[in-house]
Every structure is written in structure tokens, then in C-alpha cells.
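Participant: sequence and predicted structure, then a few things I'm wondering about:
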4 protein chains.
Amino acid sequence: MINVGIIGYGYWGPNLVRNFNDTDGINVAWAADIDENKLKLVKSRYPSTEVSKNPDEVIKSSNVDAIAIATPVSTHFDLALRALQAGKHVLVEKPMAATSEQCEQLIDEADKRKLILMVDHTFPYTGAVTKIKELIDENHLGEIYYFDSVRVNLGLFQHDVNVIWDLAVHDFSILDFLFDEKPTGVSATGIAHINDQPENVAYITLFFASNIIAHIHVNWLSPVKVRKTLIGGSKRMLVYDDLQPAEKIKIYDKGVSLANDESNIYEMKVGYRIGDMWAPRFDSTEALKKLVYHFIECINANEVPITDSHSGLSIVRIMEAASQSLLKNGAPQEC
Amino acid sequence: MINVGIIGYGYWGPNLVRNFNDTDGINVAWAADIDENKLKLVKSRYPSTEVSKNPDEVIKSSNVDAIAIATPVSTHFDLALRALQAGKHVLVEKPMAATSEQCEQLIDEADKRKLILMVDHTFPYTGAVTKIKELIDENHLGEIYYFDSVRVNLGLFQHDVNVIWDLAVHDFSILDFLFDEKPTGVSATGIAHINDQPENVAYITLFFASNIIAHIHVNWLSPVKVRKTLIGGSKRMLVYDDLQPAEKIKIYDKGVSLANDESNIYEMKVGYRIGDMWAPRFDSTEALKKLVYHFIECINANEVPITDSHSGLSIVRIMEAASQSLLKNGAPQEC
Amino acid sequence: MINVGIIGYGYWGPNLVRNFNDTDGINVAWAADIDENKLKLVKSRYPSTEVSKNPDEVIKSSNVDAIAIATPVSTHFDLALRALQAGKHVLVEKPMAATSEQCEQLIDEADKRKLILMVDHTFPYTGAVTKIKELIDENHLGEIYYFDSVRVNLGLFQHDVNVIWDLAVHDFSILDFLFDEKPTGVSATGIAHINDQPENVAYITLFFASNIIAHIHVNWLSPVKVRKTLIGGSKRMLVYDDLQPAEKIKIYDKGVSLANDESNIYEMKVGYRIGDMWAPRFDSTEALKKLVYHFIECINANEVPITDSHSGLSIVRIMEAASQSLLKNGAPQEC
Amino acid sequence: MINVGIIGYGYWGPNLVRNFNDTDGINVAWAADIDENKLKLVKSRYPSTEVSKNPDEVIKSSNVDAIAIATPVSTHFDLALRALQAGKHVLVEKPMAATSEQCEQLIDEADKRKLILMVDHTFPYTGAVTKIKELIDENHLGEIYYFDSVRVNLGLFQHDVNVIWDLAVHDFSILDFLFDEKPTGVSATGIAHINDQPENVAYITLFFASNIIAHIHVNWLSPVKVRKTLIGGSKRMLVYDDLQPAEKIKIYDKGVSLANDESNIYEMKVGYRIGDMWAPRFDSTEALKKLVYHFIECINANEVPITDSHSGLSIVRIMEAASQSLLKNGAPQEC
């Protein structure tokens, strides 16, 4: 039995606790929040869980094996560091920390103490993204040409982070999961339309050593909600629309076919192939349930999580570089 | 009666000739094409039109008042210049010419001779874009925040120009028509996936002196066809989906409303307003019919066309700057 | 404070209890279910609620003012009758009872004792249907011509009732709520494709004394889920698509306009009017929350519920007539 | 070379003539119309075609082998009969004639003279419907359970025929093509909302000796255009949406699976199977082009057309029975 302490019972914390509770082999022993009302809510729902306004009481409890952190980004580093130093495994909400230096320090601390440090990037645990990885790995799409994601809606303005850290972070974690290579550079543009608020629109292009280009469009001020990704390959192309209740993934047997037409140099050499469309069925288990189960498995078997601290760091680096590029009107930055 | 000579009867030429023929006050006197079969086609459809393989025969004919040019981009400058020098008004297919220098030279020539020089950018003549301009001009959207366009499909690869010159050109002409200001800079990224072919994917951000940001996504290798533009304003937001048979334009009464909450500095100050949606009806006359009529009106009344040579030049400058930025991985360029 | 006893904690019961609990002025004092595991679930969620396997213990408890019945249709009559005889107000799941005779007997019992007898038809309490009633009552649609509903999906086969009693019941309650008149007759067709199972496809037409025609298509074996209603009027027409996350209701300014063209008897006299489309925003409170609140209000103020026993009876009569007609291949039946 | 004479150059005639002209082995020798302006239009487009205001001049011309009739329904019988009596093959616009008696008389006349008598029902010649027949014939769908079609829009009111004869006729011809069995009976309901006009809304159910039920919803007063057909089978189900530019046909690997659960009589015995979705690509040649080619092939090879006079008669019989049933509020009629 793994005893977990949760720190932060605001927006995401309750989802984590609910899934911990539904998973065999875990017990939510402690919960901390600075808001007393949140703690009352915990007590009414889970009478056997102990609560405290002081996170250190949870971190230092001998009755706790692992700490889950669901607090604002700016507090991730401090809390995670103290938890690791107290010898606890850590699951931290995305993004891993506010800077790449902080991420590196956490990695060092976890490595030194041989503790699991996992980041709560949820998408790689969805049935849809898992299916897409399968399709890519089994070469159904051929050589990958591009990844294009639109993630826009009339969303809550964050005060501490811009729209890249709030929304594009999901696409960076999906890219990190799907492809073996890391981006080599980034160009980003964007703007803050509301005074004293962070950027609410951003466009990010990632460059890779291979033929892939990735682009992400994020916007907190869109009249319509869109969650749509196009992935183009040399053999087939794919549309992943996360808002569709059914048929989230559609695979198109479409592409270009090159032909050398020596006889006529003026003739078009790029032909088209248009075939069937196909929407595969996939597992629809709640992603967070699988993530929580994976966390416990990694602790028990001492395995490296899918969304480990190194991928967490790599994503923070991309966001730092993208935010830099944005300030320079798209000037490319290494990452 | 205006006598028109058409040069180029390939893909677009027949549409021009059909619309010239349906318009009172115009006569298609001459047609030129290097392909004899195209000329036969002209003859079978319009027995009274004279044909020639030699464009100069058309340009120099004393029976011709105006020349319409529907040939590859690389030939626009030469043909338009000769037509202007022969004292003819000119309607040239978009883009106006292959370089901004060429555009400037054509403008000088037309100005010197007081001839109409109009560019065939079709979108400003559509009912949809005209309606959008009306909505913006009457301040229905409030201050404009962003213009975001996606124009992708499995399209024919062009050999001589990249996807920006082929597809984004439409969005640049729409922007030029809708907004009074010109962009101050551009950042573009993109890639050529097929060897020896021009870039087939591109992402372009335009910067403005005001609060506006514009972004255009063009792609010749998309599994699905998309023609969708979002325009966000401080009062309302708009979706223009050109592929919808009905309800191409939807206006959302949505936006942010700022509130100063002095009592609680931590409280979210950005609120949301969500109201009705509304799809206005608009004129559905074929855009090219209106464009052709406008060309004749401008000749007869000696007026400046909506899509005149100066807007044509400005669009070519943007495309030059965007293509430069693309080669530099998004490094911003003035335009 | 109204003390409620719930009978049946299967599929719908938990929704009722959750909404009772969230409503001020109600206390769920008792819960009954034949399944002990369901009762354990109640206890873990609502420790202060008393539970019993015997519904009569709940019905007869002096600590209970009202009974909510969420059991199979065949048991509605017995349980409701005993509850009324015990002097309790009753909220019964739709449909009210298995036959119109049973409904009539319940009405008599409730009237005699001056008790509230309300049927849990949920749709009239939704923001969408309330908005549609408003639009009709304020004559936005003009004279109503037709009501056409499609309610199909790959649904659970019911053993005891056919697809009319399971799905069309919703449309009958919407019709009863929207229009002042009752249908005069019904014609229904349908078929049972699975041996020993009730009809899984049905088409029902309702006739009215006025110009209205209503049609309902229900199907448990559809590959796609559809919840779409068209309402046509002389002034405007409406589409209500309950599966849309936004813009559930769209109002089209379309219609026919009659013109007497004396000069040309062969000329089409029916013209068309096509104008804007409009999607109004409406209240999105959970319908069941409003229904529960309405039940308590009716008890406290001794008012007639919107979905009272008389409308419940009228809906059962339509379903009896429709099931009769279905057996006779569409032969019309009075109702 | 087959010489064809066309009678009627109104709405549909020009489509026929254009396709005749594009087909090798056919020559449009003659055209007749009562409107002189239509004849001028023919002359301007096809200078070598002879024209006449008198249909008999065309019918009796020794230079004509076959007559195509594209005039109002009420004239079909007379014109077709005279054409057959003059020894000409006949292609007649749908529906074949105004009554089943007229159809029978035409069949007799054609049989006696061994002439081809074909009805211009277009849908069986579309790529989509051909693909659906293939899927059914190859047992991809299993045993067919139902055919459900919605064909509604804001359409032109016909003066001489109701909405069944105008729109449902297409579905009857599709059914006739797809299935080997003829319907045994029909129940129809509907209403005329506009004074002195035919019924503008109708709902038609067809009964079959087998397990199939077919239903068709037609409406001239719908705010939105719909052309959607569901076909349910024991193995798979299909959606055919004719308004989709791509993916008109979607096949769902969904269905019920029956299980005998002896141990628990209360347990649900009907299970569900939900798998992939698949959209096959198919031939997109214009249907009328294929129909015209088929007509000429049948003449040359003396073969029975797919949409022959017997299927034409059967469709008229269904429409007569449906119109009868409609007048009797759905009372079933043999057909």
C-alpha cells in the first residue's frame, strides 16, 4: 500500500484524489491546502484522510510515501524539492517548474535519492494519443512531415503564465511522447491584448533535425473552442479532433506520389493519391486513472515514468525558448 | 463599349472571358495563348473573338482598349509593361508580379500614362468579405485583436512559387482590404517536404503598429480542406468558414470584460461575456462578375480600383519579406 | 424543511438524491432499494440518510413528507398509490404508469387527498426547451406548421417497454409543454428486429385539430446518436440540436411568402424568404435541479406542477394509442 | 450513331443534352420546346441541332432513333406513347407517368415493338449508391434491418404533384435498386400548409415481407437542407450523407450481439459491438453521364436498363398507394 499526501485541493487536486482513491494499492493519507474550506471538503468526502494547512506537515509525515503537488507553478519547485529531500516520491502538476534551472535541480535531487519524480502531463495517457503513437510507430503514416495543432477557446486568463505555458504545454508533451527526437529550435510570435496580462495569443513553430515541422496555435480569446491536430506523413495523414464525441481520430489514405516524367519537363511531377478514410476505435479509460496507476507502478517496480522529469525539463526548455522568441517577434531560439 | 484582349486561356482565363462576356459594355475582341488547342476552344465558344498565338498581336491591336493577363507569374511584368506602353488598361492575375521592383515599375508606367492597372485579387469582391468589412467599419467587432486564417488542402504543387505565393496571397489581399493599416513586419516559418519543390507548408505572422496580430497557415499537403478565418475584437468575434454552403459568417457576442476588483488583488480581473450567435445573410453574386464590372467602371469613370496596383505592390512586398523570413527560420523582416 | 424518501437507487435515483441534497429546504430522510449494495452506496455518500430494503418502511415513515419513485415502470402505480394513500406527495419517474387507467386512478387518489402528484419529465425544465416555448409564445415563429424530432442511437434494449415508451416519451412531454393543444390522433409504424424483444424502431405521426403535424423517429439501433428537432412556422423556423455543446438552438429567418400573381397563372405563387440565422443564449442550469426545486415549490405553495399528473396521463394515452397503431401498420388511432 | 431528339429544354433538358453531346455514339439531332427562347438557346449552343415548337415533328423525324422526354409529368404518357408508336426508343424523366395505368400501357407498347423504355431515375447511377449496393450485395452489412432517409429543404413548391412525387421518388428508386424485394404495403402521413397547394410535408413507411422497414421523410419547408440515409444491418450500419463533399458514405462496425445468459434471467441479453468506422472512396463520375451511356448501350445491345419501365411502374404504384394512405391519416395500403 502506497500512502500519498496531496498538496493543493483547488482545481486539479480533487481529480487526482478521486483517481488515487479509485486505484487499488493507494491510500490518500494526507491533504494540505491553504484554504480551510477546501480541507473541510476533503474531510466530508474522505473522512479518513488527515488534513493540514501546512504542507510541511504532509511532506514530513512518516505515514506518507509519495507527494502529489497540485499548486500554482511558482510553488512547484519549493514543494517538490522539500518532498524529495524528505525522501518522498513526487508527482507534480504540469509544467514541472517555473524554470529549467529549477527542473535540473529537482532531477539531481531525485536521482541522488533514487526517488520517482513524475510530471502530470495527462495527454500521453489518453487512448487517442496512445493510438496515434501506435500508428506512427507501426509506420502507418510513413515518414512524418508535420504536426499542426490548434488549441483555442474563450479561456480563463492566467495571471502568472502566458497562453504558451497554459495551453501549448499540452502539445509539447504530446510531441515529446510521439516522436523520438527533440526540437532543435523554436520561433514564436504572439501578443497580449489586455493590459497587465500575459500574452493571450501565440503561434509556435518547432524545428527538428529531420524533415518534421511542428506548429501550435494557442489562444484564450477565441469565439469557438477548437482542439484539432493534423499530422501529415508520406504514406497517410491523420486528423485528431479531441472535441468529437466519437471518431476523434481519422486516418486519410491520401498523399503525394512522385513520378519522374522525363518526356515532358513542364509536366507536373507531383501526383496525388486519394483513398479511403478510417476511424479506429480505441481505449476510452480516463487518462488520469491510467496516469495514477502508472505512478504507483513506477514506484513499486522502480521504473522510469513515461512522463518523467527529463521530458518535463525538455518541455520547460521549449517554453522558455518560445517565450524568448515571442519577445523578439519570432527570432529563432535554440532549445 | 470596352474591347478587351485576354492573354492566357489556361485555368483562370476562361473564367475571366465568361464573365467579360456576361457583362454589358464589354466585348472580348482578342484572345492569345501559346497552346493552339486553347485557341480552338475560344473559337468554338466565342466565334466572333479573334485569336492569336502571339500576345503582341493582341497588345498592339488598335481594336483593343484593355488587356487581361492570366499567364504564369513570371510573365506578368513583361506582358503588363508592354500592354501599358501600348496605351492599354491592364487587369493582371494575382500576384501582380514576381518582385516588388517589377510592381513599382508597372505603377510608374501606368501613372505616367494615366491608365488603369488593376490586380485580380478576387476575395474583396465576395459577398462574405464585403460583409465582414461592413461589420468592422460599423464597429460591430470593436477594436480588432487578431486575424487568424487557415487555408489548407491537398493542393497542386506549384513549380515556380511556394505555398505562400499560391495560397497566402488571398489572405494578404483580404487583410489589405479589411484594415486601413499595413503590416510593419513579418515572421514566417515553413518547409519543403518534397525534393526540388518549393515550400509546401508555411506559417506567417504579420505585425502591425496597432494591437492587431495576423496569422496565416497554408499547406498543400493537408488531408482535409479548410478555409477558416477567426477575427477577434474587443466587442465581438467572428468565424468566416468559406466552405459552409450556408452560414459562412458567424458573429459571436463573446468577449472579455475587465473589472477592477480593488478589494481583492488576487481575484481574477478578466471576466467573460457570452451572448447570442448570429449569421448574417449577404449577397452571393459571383465575385469575379463584380470584379469584372468594377474594372470596366474604373476605366469608364477613371477611378482607382479597390484592388489597385498599390495594394498589389504591398502584397508582393509582404510575400517577399515572408519568404525571406522563412529562409531564416522566422527571423522577423520589415515589410 | 421537506423530508423526502427515495424509492429506487439504480440509474436515475442517484441523480435525484444528489439534486435533492443540493437544494435548500429538502432533506433526504429515507432511501429504499431491493439491492443491499445500493443501500450501502447511499450510506457511504449520505451517512444521515436512513435506508431500508422495504419501500413500505419509507412510505409509512412519519418522518417523510414526499416520496420520489425511481423504479421500473411496472411498479410505478403500486408504489405511487401506496404513497398517496399514506398521505405523501409523490414525484414519479416518467412515464407516469404502465397504463392510462392506472394514471387516472392515481390522479383521483391525489385529488381526493389534495396531494402533489408530479411526473419527472425532465425536458420542460431544460434551458433549451424553455427558450423554445418563449419563442413560440412570443410569436417569433408565427403559426406553427410542424414539429419533427429524431431521437436515435445505439441504445440499451429495454425488456419491458418498446422504443416509444423509452425514447419518444421525451418528445411527447416536450410537445405537451410547448403547445396548448393535445393531439387528436396518432399513426405509428415500427418493427422489432431482435427476437423476443420489443420494437426497436418506430415512427410516430401526431395529428392536431390545427395545422400542426408532429413526427417522431426513435431507434435503438442507429450507428450515430442524433437528438435533433425541427420546428417550422409561418414566420421563422428553428433547429434544436441537443448534442451541440454550444448553439443548441438556431432560428432561421426563412419561410414562404405567398403572392397572388394574377397576370400569369402559370407563374409560381409561392416565394421564399431567406434571411439571417440566430442562435440565442439561454440558461444552462441542470434541468433536474430546476425540476426538484419546482417540486418543492409546488408542495410549499400548493401549486400545480408544470409536468403534473394530467400531462403525465395525456402522454401515456398517446403512447398507448401509438403502440396500438404500430401493431396495425399505421392505422390511425384516436388519443 | 444514335440520333436523339429531346422534348423539353427547361430545367432538366439542358443537362440531358449536355451529356448526350459529351457521349460518343450519340448525336442530338432534334430539340422541341413550346418556348421559342429555349429553342434559340439550343441553336446558339448546338448550331447543328434542328429545333421545333412541335414535338411531333421531332417524334416523327426519320432522322431520330430515340426520344428523351423532359417535360412536366402530366405530359409524359402522351409524348412517350406517340414516340413508341413512331418506333422510337424512349428515355423519360422521372416519374415515368402520372398513373400506374399509364405506365402499364407504355410498357405494353414498348414490349410489343421491342423498344427500349427507360426512366431517368438518376441515383442508381451515382458512385455512392452503386457503392452501397456493392456493400449490401457482398454482405458487408449483414441482414438489412432498416432504410431511413431524410430529404428536406426549403424547396420549390410544385403545383401539380405533392412532395412525395417530387422528392420521395428518389428514395423509392434507390430502394428499388438496392433491394431485390418490392414493398408489400405503405403507410403515409403528411399535410399541406399552404392553401391550394399540394402536401409539402410527408412521412412514408414501407413494409416488406422480410425484416426490413423503410421510412422516408420529405419536406419542402425545412430551414436546413438534409440528404441523409441510415441503413442498419445485423453486421454493420451505414450513413450516406449526400451533402458531404467528402466521406459521403460512412460504415460503422456497430451492432447488437445476442447472448443467452441462462444463469440470470434478469440480465440484459442484448449486447453491443462498437468498432472502427470506415469511409470508402468511390467513383465520382457524374451520374447523368453514366445514365446516358447506359441508355445508348441498352439500345445498341438490346438490353434491359437498370431503371427500366417495370421499376418505373413499381415506383409510381408506391407513390399512388402512399398518396392514398396520406389522405387516410396513415391507414396502410397495399402496393
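Facilitator: Nice, thanks for sending it over.
Participant: quick one: name the residues of the stretch 201-335 of chain A near chain B.
Facilitator: The stretch 201-335 of chain A comes close to chain B at residues A:201, A:203, A:205, A:207, A:211, A:213, A:215, A:217, A:219, A:221-224, A:230, A:232, A:234, A:237-239, A:250, A:252, A:254-256, A:258, A:268, A:270, A:272, A:274, A:325, A:328-332, as judged by C-beta under 8 Å from any C-beta of the partner chain. C-betas here are computed from N, CA, C, even on glycine.
Participant: and the end-to-end length of stretch A:328-335?
Facilitator: End-to-end distance for stretch A:328-335: 15 Å, by C-alpha to C-alpha, to the nearest Å.
Participant: can you name the residues in contact with that stretch?
Facilitator: For stretch A:328-335, the external contacting residues (C-beta atoms under 8 Å, 6 or more residues apart in numbering or on different chains) are A:182-189, A:206-207, A:317-318, A:320-322, A:324-325, B:185, B:187, B:189, B:205, B:207, B:325, B:328-332.
Participant: next one: stretch A:285-301
Facilitator: A:2, A:15-16, A:19-20, A:22-23, A:25-26, A:65-66, A:89, A:91, A:116, A:118, A:120, A:122-123, A:125-127, A:303-307.
Participant: which of those fall within helices?
Facilitator: A:N15, A:L16, A:N19, A:F20, A:G127 (DSSP state H).
Participant: tell me the one among those residues nearest to chain D.
Facilitator: A:G127 (13.2 Å; C-beta to the nearest C-beta).
Participant: number of residues surrounding the residue of the stretch 151-300 of chain A found nearest chain B?
Facilitator: Minimum separation of the stretch 151-300 of chain A from chain B (C-beta to the nearest C-beta) falls at A:S187, amounting to 2.8 Å. For A:S187, the neighbour count with other C-beta atoms under 10 Å in any protein chain shown is 31.
Participant: go on, A:Q324?
Facilitator: A:Q324: 16 neighbours (other C-beta under 10 Å).
Participant: what's the nearest residue to it if we skip its chain neighbours?
Facilitator: Closest residue in space to A:Q324, ignoring its immediate chain neighbours: A:Q333 at 5.0 Å, by C-beta to C-beta, 6 or more residues apart in numbering or on different chains.
Participant: just list whatever residues bridge to the one you found.
Facilitator: For A:Q333, the beta-bridge assignment (DSSP bridges) gives partners A:V186.
Participant: next helix or strand past the helix or strand in which A:S44 is found?
Facilitator: Here A:S44 is covered by helix A:36-45, with elements defined by DSSP states H and E. Toward the C-terminus, helix A:36-45 is succeeded by strand A:50-52 as the next helix or strand (DSSP H and E).
Participant: helices and strands around that next one, which ones?
Facilitator: Counting contacts by 3 or more C-beta pairs under 8 Å, 6 or more residues apart in numbering or on different chains; DSSP states H and E, strand A:50-52 packs against strand A:26-32, helix A:36-45.
Participant: switch the cut-off to 10 Å
Facilitator: Applying 3 or more C-beta pairs under 10 Å, 6 or more residues apart in numbering or on different chains; DSSP states H and E, one finds that strand A:50-52 makes contact with strand A:2-7, strand A:26-32, helix A:36-45, helix A:55-60.
Participant: so for chain C, which of these sits nearest?
Facilitator: Closest approach to chain C among these (C-beta to the nearest C-beta): helix A:36-45, 9.4 Å.
Participant: so the closest one, near chain C or not?
Facilitator: Yes. Contact between helix A:36-45 and chain C, assessed by C-beta under 10 Å from any C-beta of the partner chain, occurs at A:S44, A:R45.
Participant: so, in contact with chain B or not, that helix?
Facilitator: No. Under the criterion of C-beta under 10 Å from any C-beta, chain B is not reached by helix A:36-45; the shortest gap measures 15.1 Å.
Participant: now the helices: where do they sit in chain A?
Facilitator: A:13-21, A:36-45, A:55-60, A:76-85, A:100-113, A:127-137, A:163, A:169-178, A:287-301, A:309-327.
Participant: enumerate the residues of the stretch 201-335 of chain A near chain D.
Facilitator: Going by C-beta under 10 Å from any C-beta, the residues of the stretch 201-335 of chain A near chain D are A:246-247, A:250-254, A:274-282.
Participant: for these, which one is nearest C:H159?
Facilitator: Distance to C:H159, by C-beta to C-beta, is smallest for A:A246 among these, at 26.6 Å.
Participant: each with direction, which strands does the longest strand belonging to chain A pair with?
Facilitator: The longest strand of chain A (DSSP state E) is strand A:221-233. Strand A:221-233 has its sheet partners listed here by DSSP bridges as strand A:144-154 (antiparallel), strand A:237-241 (antiparallel).
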